[in-house]
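>>> Could you look at this predicted model? Sequence included:
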Amino acid sequence: MAKLHAHKILIVGAGYVGSALAHKLQQKGHEIWAIKRHAGDAVPWQVIAIDVATTKINVIDFDYVFYLIAPNDGSVAAYEKVYNTALTNILCHLAEQQKKIRRLFFISSTAVYGQDHGEWVDEKSLTRPAAKTAQIILQAEQDVLSSTVPATVVRLSGIYGAGRTRFLEKIQRGEFSTRESKRHTNRIHLDDCVGCLVHLMQCESPETLYLASDCDPASYDEVVQWLASRLRVKSALSEPAPVAREVTDKRCSNQRLLQSGYQFKFPSYREGYEQILQEVGSSAQE
């Protein structure tokens with residue numbers, strides 16, 4: 001690990017993950033700047049309220065940048081705006097810095113894998129997604145890694161954590177079938193999203209690509225049945241729920257991330273959801 005010094009860090013997209021990352025990095029003594037479309041509530045770091053797809057950034061000389069913008073919706077146009085127009089503006093800005101950036105961390109998605117037979121995938125696996133939006137993300141990865149900016153791509157799987165209880169609420173209402181699908185689900189807890197990004201920033205010479213997912217790519221059925229049991233839901237719907245989007249089936253390997261020295265706080269859905277269930281239970285009693 002590199003010796004930790006105070007750095008000037010830009011977080012492009014201070015949403016669910018970005019805000020949590022900003023808090024963690026600020027606790028470590030770094031100077032944090034965050035780009036958001038709107039200023040929103042007061043936060044203890046510098047906020048740049050702009051749309052990076054249309055506005056040039058004036059602040060310069062960052063040590064590290066985390067690109068975490070999420071599209072406004074699932075349309076191709078929204079993805080093009082985030083992963084093409086806005087990303088190009090950020091890359092141009094970083095290339096113009098007087099001080100060379102140490103590293104850009106581009107947050108991608110495991111959606112770039114198109115496997116659909118439960119195959120294990122890692123950083124060397126074929127990426128041939130069928131969905132147009134995933135193709136746009138994959139092209140963005142290539143744009144980042146072919147730029148003059150030192151960069152690392154981090155492919156995150158499905159993010160869950162504090163404040164994201166919709167999945168639990170649907171199971172409580174019996175709106176999911178325990179027979180819906182044998183496909184594998186890949187996830188990572190918010191705390192581990194933040195933890196692995198901070199960890200990689202502190203690595204002396206990180207790789208250019210990491211897959212960030214927990215250690216247990218369990219089947220959808222298994223997760224639903226476990227949660228239904230913990231929530232004391234006697235039965236779920238007997239018929240499969242319709243799938244509104246294209247679904248793949250793969251198992252994400254995090255071996256490269258583990259080999260870098262990262263240790264998961266929540267290695268499987270059990271530990272992660274157990275904490276969420278406890279938090280939900282505590283809130284209900286207050």
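Nice, thanks for sending it over.
>>> CA atoms for contacts and neighbours, from now on please.
Noted.
>>> residues in contact with stretch 15-28?
By CA atoms under 8 Å, 6 or more residues apart in numbering, the surrounding residues in contact with stretch 15-28 are 6, 11-12, 14, 32, 34, 36, 45, 68-69, 190, 193-194, 198.
>>> May I see the buried residues of it?
Under the neighbour-count criterion of 16 or more other CA atoms under 10 Å, stretch 15-28 has Gly15, Tyr16, Val17, Gly18, Ser19, Ala20, Leu21, Ala22, His23, Lys24, Leu25, Gln26 buried.
>>> Let me know the closest of these to Gly118.
Val17 (27.5 Å; CA to CA).
>>> quick one: that closest one and Gly161, what's the gap?
Going from Val17 to Gly161 by CA to CA, to the nearest Å gives 10 Å.
>>> Determine the longest helix present in the chain.
helix 269-285 (DSSP state H).
>>> Now do that one, average pLDDT.
Mean pLDDT, helix 269-285: 81.
>>> Pull it out as CSV, backbone CA atoms only.
Coordinates of each C-alpha in helix 269-285 appear next as CSV, following Å, rounded to 0.1, in the frame of the first residue of the first chain:
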residue,chain,number,x,y,z
TYR,A,269,-25.9,-11.5,1.0
ARG,A,270,-26.5,-13.1,4.4
GLU,A,271,-24.2,-10.8,6.3
GLY,A,272,-25.2,-7.7,4.3
TYR,A,273,-29.0,-8.2,4.5
GLU,A,274,-28.7,-9.3,8.1
GLN,A,275,-27.4,-5.8,9.0
ILE,A,276,-30.2,-4.2,6.9
LEU,A,277,-32.8,-6.3,8.6
GLN,A,278,-31.5,-5.2,12.0
GLU,A,279,-31.5,-1.6,11.0
VAL,A,280,-35.0,-1.8,9.6
GLY,A,281,-36.2,-3.5,12.8
SER,A,282,-34.5,-0.9,15.0
SER,A,283,-36.1,1.9,13.0
ALA,A,284,-39.6,0.3,13.3
GLN,A,285,-39.3,0.2,17.1
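>>> Go through that helix and flag the buried ones.
Tyr269, Gly272, Tyr273, Ile276, Leu277.
>>> which residues are contacting that helix?
Outside of helix 269-285, the residues within contact range by CA under 8 Å, 6+ apart are Gly161, Ala162, Arg187, His189, Asp214, Asp216, Val223, Phe266.
>>> mind listing the strands for this protein?
8-12, 31-36, 46-49, 64-67, 103-109, 116-121, 151-156, 158-160, 187-189, 209-212, 249-252 (DSSP state E).
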